[in-house]
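Colleague: Next input, structure requested:
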Amino acid sequence: MAQAVRPAWLAVAPFVFVTLWSGGFTAIALCLPHVEPLTLQVLRYAAVVALLLPLWLVLRPALPDGATLRHLIRMGLLVQFAYFASMNLAMKAGMGAGTLALLIGLQPVVVAALAPRVTGDPPLDRRGWLGLGLGLVGAALVITSGSGLAAAGWAGLFFALLALVVMTAGALLERRSGRATHLVTANLVMCAVALAATLPLALLLEGMRVEWAPGLFIGLGYMVLVNSLISLSILFFMLRHGEAARASSVFFLVPPLAALIAWGVLGEAMAGQALLGTAVAVVGVALVVRRR
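Modeller: Just a heads-up that it's a prediction; the model follows:
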């Protein structure tokens with residue numbers, strides 16, 4: 001049987017994926033002046049489910065078994081619901097898109113530190129611990145910089161750190177219990193679970209008022225089409241061609257790319273200390289990611 005031809009653009013696919021993913025932080029910030037954070041999450045997942053359900057009915061992939069379904073439900077609650085809710089609430093409380101991206105970007109470092117106890121991975125060596133230290137120092141420099149990238153109050157910092165904790169837990173759970181599942185099925189189940197979990201809270205805690213402004217359409221459209229569909233399709237394509245490791249190897253580019261996009265679109269100031277902190281954190285994450 002002839003071997004499938006590798007598309008030429010596959011070489012740049014990891015960089016395309018990371019760049020598109022980095023824009024999601026600015027997309028959230030564009031939406032929040034016009035909608036409350038949990039209501040935004042309801043709109044996002046309702047749109048994703050509305051798009052994926054017909055596709056699932058056309059493709060008719062195999063139904064997941066009970067264990068796989070339970071894992072998808074847990075991941076939907078942990079990552080799609082709790083993680084994105086924490087991110088939305090952090091930005092609503094004043095956390096800048098660049099700073100939030102930097103804190104979330106520390107996730108590979110935290111996973112590397114915890115994985116030996118949770119999943120049995122090899123422990124961090126001296127290079128890994130150096131990366132962990134640099135990541136934490138860089139994050140501290142940015143948070144205390146006093147620029148547009150700084151943390152605006154304890155509430156924003158709390159929800160940002162909560163998002164980091166939740167995403168780390170999700171990554172460890174996936175490493176420990178993840179099961180191969182059709183991409184459309186997996187995302188449909190997880191987003192439907194997140195929608196079912198978010199809607200009651202939005203009804204209870206928010207007025208669910210929406211101002212249909214251009215910023216909301218642009219940001220929501222980006223999150224639904226680019227983050228939830230196009231980015232995941234690129235990732236799935238890389239998985240089929242054995243390129244997932246290369247996507248992980250450039251993950252440390254998310255914080256500077258997100259900060260650059262936030263600066264260009266939102267005008268978030270980038271003071272010298274914030275730039276230095278971002279650079280230090282990027283080096284730290286790169287040390288850990290490259291090692292793994």
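
Colleague: any chance you could read off phi and psi for residue 35?
Modeller: In terms of degrees, to the nearest 10, the main-chain angles of residue 35 are phi -160, psi 150.

Colleague: do you know how far the closest residue to it other than its chain neighbours is from residue 31?
Modeller: Excluding the flanking residues, the one nearest residue 35 by CB to CB, 6 or more residues apart in numbering is residue 210, at 5.0 Å. All C-beta spots, glycine's among them, are computed from the backbone N, C-alpha and C. Residue 210 is 10 Å from residue 31, where distance means CB to CB, to the nearest Å.

Colleague: which residues do these two both contact?
Modeller: residue 216 (CB atoms under 8 Å, 6 or more residues apart in numbering).

Colleague: neighbour-wise, which of these two wins?
Modeller: residue 31 (28 against 16; other CB atoms under 10 Å).

Colleague: my guess is the more buried one meets residue 39, correct?
Modeller: No - using CB atoms under 8 Å, residue 31 is not in contact with residue 39, being 9.7 Å away.

Colleague: What are the boundaries of the helices in the stretch 101-250 of the chain?
Modeller: Under the criterion DSSP state H, counting those that start in this stretch, helices of the stretch 101-250 of the chain are mapped to 107-118, 126-143, 154-177, 183-205, 214-221, 232-240, 244-249.

Colleague: name the helices or strands packed onto the second one?
Modeller: Counting contacts by 3 or more CB pairs under 8 Å, 6 or more residues apart in numbering; DSSP states H and E, the secondary-structure elements packed against helix 126-143 are helix 97-105, helix 107-118, helix 272-291.

Colleague: I'd like the mean pLDDT over it, please.
Modeller: Helix 126-143 comes out with an average pLDDT of 75.

Colleague: Could you look up the SS state of residue 61?
Modeller: Classification of residue 61 by DSSP: H, G, I helix; E, B strand; the rest coil places it in coil.

Colleague: Just after the helix or strand of the chain with the lowest mean pLDDT, pick out the following helix or strand.
Modeller: Using mean pLDDT, DSSP states H and E, helix 244-249 stands out as the lowest-scoring helix or strand of the chain, at a mean of 57. Using DSSP states H and E, the helix or strand that follows helix 244-249 in sequence is helix 254-266.

Colleague: quick one: buried residues of that next one?
Modeller: Along helix 254-266, these residues count as buried under the neighbour rule (16 or more other CB atoms under 10 Å): 254-263, 265-266.

Colleague: show me the contacts for residue 223.
Modeller: Counting by CB under 8 Å, 6+ apart, residue 223 has contacts 24, 27-28, 31, 44.

Colleague: Select from these the one having the most neighbours.
Modeller: residue 31 (28 neighbours).

Colleague: Quick check: the gap between it and residue 94.
Modeller: Counting by CB to CB, the gap from residue 31 to residue 94 is 15 Å.

Colleague: Next: residue 60.
Modeller: From residue 60 to residue 94 the distance is 46 Å (CB to CB).

Colleague: who has more neighbours, these two?
Modeller: Set side by side, residue 60 and residue 94 show more neighbours around residue 94, with 14 against 9, by other CB under 10 Å.

Colleague: one step back: mind giving me CSV with the contacts of residue 223 and columns for distance to residue 7, secondary structure and pLDDT?
Modeller: Shown next, in CSV, are these (distance: CB to CB, whole Å; DSSP: H, G, I helix; E, B strand; the rest coil; pLDDT from 0 to 100):
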residue, distance to residue 7, secondary structure, pLDDT
24, 25, helix, 89
27, 27, helix, 93
28, 31, helix, 92
31, 33, helix, 95
44, 30, helix, 95
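
Colleague: Which one of those is nearest to residue 167?
Modeller: residue 24 (13.0 Å; CB to CB).

Colleague: Now do the contacts for that closest one.
Modeller: 222-223, 226-227.

Colleague: Drop everything from those that is not in strands and list the rest.
Modeller: If you go by DSSP state E, these have nothing in strands.

Colleague: thinking again about what came up before, wait, which of the helices of the stretch 101-250 of the chain is closest to residue 10?
Modeller: helix 232-240 (7.4 Å).

Colleague: burial of residue 209, as a residue count?
Modeller: 9.

Colleague: pretty sure residue 39 contacts residue 208?
Modeller: Yes - if you go by CB under 8 Å, residue 39 and residue 208 touch, sitting 4.8 Å apart.

Colleague: ok, residue 190 - contacts?
Modeller: Residue 190 neighbours (CB under 8 Å, 6+ apart): 72-73, 75-76, 79-80.

Colleague: switch to 6 Å and redo it
Modeller: 72, 75-76, 80 (CB atoms under 6 Å, 6 or more residues apart in numbering).
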